[in-house]
Structure formats: C-alpha cells, structure tokens
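*Asks:* okay, sequence plus prediction incoming.
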Amino acid sequence: MKSIYLVKHGGAAKAFEFRETPKPIPGGGDVIIKVEYSGLNFADILARKGLYQDAPPIPSVLGYDVSGTVDSVGKDITDLKKGDRVAAFTRFGGYSEYVAADRLGTVRIPDNLESAAADALTTQYVTAFYSAAEVTNLHEGDNVLIHAAAGGVGTALVQYALYKKCVVFATAGSDVKVALLKEAGAQFPVNYRKDDYKEVVKKYANGGIDVIFDSLGGKYVKDGIKLLGAGGRIICFGAAEMSRRSNIFFKAKTGLSFGFYHPAQFIIPSKSLIGVNMLRIADTKPAVLKRCIEEVMELYKRGVFKPVVGKIFSATDISKAHEYVESRESVGKVVIKW
C-alpha cells in the first residue's frame, strides 16, 4: 500500500514522499480501514514545520482522521464487519491507503452521510464538542467569541453555540467567510483584517464574553482574557499564529505575546484559561474520545452538526492541500481522496 511520508520539515513542496509500506495487521481492538478520504488539520501544518511537539520524528506519516470502509477487524470486535462505512480518529498515520484505528475512536457512518463529510466529524467536530460540552458548558444567552470561525473546528463551534442559543461573535479573515458565517446564523461575524473585533465585542457583549474559543494563540489569548466577563472562560486548542513565519525571533515574540499569568489574575475576577489537546485526551482517556465521537454523530443525526467540506484534493496533491490549509483561505474541512 502507499503512504505519504513527511521527510523534511519546512515548505510543503519538498516535505512529502510517497512510499510503499506493509498493510497493517489488526490487534485485538483494532479496525483496519480501507481509506477513501484522509483529513487535514492545522496541527498537520505545524507538524510539517516541526512546530508540533507531539508529532512523531521524521520520516513519519501525518494525518489525524480518515473515512472509508472496514477491511478487517481484530478478534475483540464483534460490532463491525468488512465493508461497513466508518470514520475514525487515527492519531497520526492517516495519510495512507489503509490505516489501523482503535475501535474506541471509530464510528459507523450513516447511509445519508457522504464519506468526505463524515471525516470532518472526527477530529474537528470532536475537538469542538469536547471544548464546548465537556470542558465547559454553554447556556442560552451566553456571549461566545469564536476565532477562525469559518475553519473546520470553528464551523462546528458556531453550529453548537447556535444550537445552545448563544450570542455568537465570530472572527474570520475575509468578507466571503463573514458572509458564510452570517448565513450560518452568527449574530456578529467580523472580518478581523478590516475591523477590530474587540470593539465589536465591547459594544454588543453586555457583561463581557462568557466563553472564547481560541485556535490562534499569541496576542489573541492575552486580548481575550481582557474581554472575559466574570465567570468567563477561554478555551485554547491551537496556536496557529506560531506558523505564520519560521523566523526564530518571530516565534519567540509570538510565544511571549501569550502573556504571563498568576493564579490570582484568574481567581479574583473569576476567569478561567483552559487548554485542549485531543491527541492527549485520545491517548490517555480513550473512553472520553469514544463518548465524544458518538455524541457528535448523534448531533449530526439530529441536524445540529452539518459538516462542511471546503475542498477535496487528490492524494497526489498533498503539497497543494497543505498549502491551501496554510493559506487560511479554506472553509470547513479539507480532505485528500485516495
């Protein structure tokens, strides 16, 4: 079978190499999946640039999630069989024609759901659900600020926040994305390249922001904490700002721009700063991953989650797919097709 290996950190054009690798053999709790689509996530971009500490050393196969059909199962699995359509969280290794996934991170795809869209419901929608339903609770009338709201996780967060009847402030980097967010129901979408989202929040979020979902990091965290009202929480699940340049001084400056904090800064105003890394959750609490991925699929069946596939690339165009995600022009989920 073919796998796409990351062989060099840096630009996408020279980073990847196709290699023939042995087809995986299932362990007792494994599902071997014949992959139709492999998903891209922004963490893949960071890993390609050597900025993601949990990524395996090169040469390695990236990819957090896939969708396809069951090829074989381990001896401990009785509820899936060859030919069943599934989506799965893979914890790297997803850029392959066949992958081994833990049954706890694998979910059956309903007949009315296309495979590419099903792939979106794994890493990105599970991250959104865990962030919005497990580590915090959203309530009707909450003021919610979502950064990069037109991206994969952002799209899911907007859908969930609106389902919970929150007031949604959503940032994006183009008028096209702002129009899509407005069409989706976000009450206050802002093109951060043209307007100051902080001023919009201050004008319309009475009592301050209750929850911020931040995938950018850097100064957005520092500014966000100031926007929180009493009892406010900021959920950080990424640091996309770190990828903008490879210059070590820029990285250091961006790291410092997060700010330095003492517990008293959170206790006295009753604010919270929470970090989310679904890879660590999947590694250490697989039962939580199972619960989340099953809840996500149920919310899809109820019409709450509506996965958006922004673009499909051929697997041979993996470099172009990475460049597209890195450009921040993408909307929803980007996948490669085998």
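*Replies:* Nice, thanks for sending it over.
*Asks:* need the contact partners of stretch 122-134.
*Replies:* With Cβ atoms under 8 Å, 6 or more residues apart in numbering as the test, stretch 122-134 has contacts from 39, 41, 64-67, 87-89, 105, 107, 138, 152-153, 155-157, 160-161, 164, 211, 213, 235, 237, 276, 278, 281, 288-289, 292-293, 295-296, 299, 305, 307, 333. Using the backbone N, CA and C atoms, a C-beta is placed for each residue, glycine as well.
*Asks:* let's see that with 7 Å instead.
*Replies:* Residues outside stretch 122-134 that contact it (Cβ atoms under 7 Å, 6 or more residues apart in numbering): 39, 41, 64-65, 87-89, 138, 152-153, 156-157, 160-161, 213, 235, 237, 276, 278, 281, 292-293, 295-296, 305, 307, 333.
*Asks:* any idea which helix or strand comes after the worst-scoring helix or strand of the chain on mean pLDDT?
*Replies:* Lowest mean confidence among the helices and strands of the chain (mean pLDDT, DSSP states H and E): helix 248-257, at a mean of 48. Later in the chain than helix 248-257, the nearest helix or strand by DSSP states H and E is helix 263-267.
*Asks:* can you show me the CA trace of that next one as PDB?
*Replies:* Extracted in PDB, the C-alpha atoms of helix 263-267 (Å, rounded to 0.1, in the frame of the first residue of the first chain):
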ATOM      1  CA  PRO A 263      -3.400  32.300  39.600                       C
ATOM      2  CA  ALA A 264      -4.600  35.400  41.400                       C
ATOM      3  CA  GLN A 265      -5.200  37.000  38.000                       C
ATOM      4  CA  PHE A 266      -7.900  34.400  37.400                       C
ATOM      5  CA  ILE A 267      -9.200  33.900  41.000                       C
END
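*Asks:* list the buried residues of that helix.
*Replies:* Phe266 (16 or more other Cβ atoms under 10 Å).
*Asks:* take the contacts of stretch 122-134 and keep only those in strands.
*Replies:* Cross-referencing the contacts of stretch 122-134 against strands under DSSP state E gives Gly39, Asp65, Ala87, Ala88, Phe89, Phe213, Ile235, Lys333.
*Asks:* which of the residues you listed are buried, as a ChimeraX select command?
*Replies:* Buried residues among the ones in strands among the contacts of stretch 122-134 (16+ other Cβ under 10 Å), as a ChimeraX selection:
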select :39,65,87,88,89,213,235,333
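*Asks:* got CSV for the ones in strands among the contacts of stretch 122-134, with distance to Tyr220 and pLDDT too?
*Replies:* Shown next, in CSV, are the ones in strands among the contacts of stretch 122-134 (distance: Cβ to Cβ, whole Å; pLDDT from 0 to 100):
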residue, distance to Tyr220, pLDDT
Gly39, 24, 97
Asp65, 25, 97
Ala87, 30, 98
Ala88, 31, 97
Phe89, 26, 95
Phe213, 11, 98
Ile235, 12, 97
Lys333, 22, 95
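*Asks:* in the stretch 1-150 of the chain, which spans are strands?
*Replies:* With strands called from DSSP state E, counting those that start in this stretch, the stretch 1-150 of the chain shows them at 2-6, 16-20, 30-40, 65-73, 85-89, 98-102, 106-108, 143-146.
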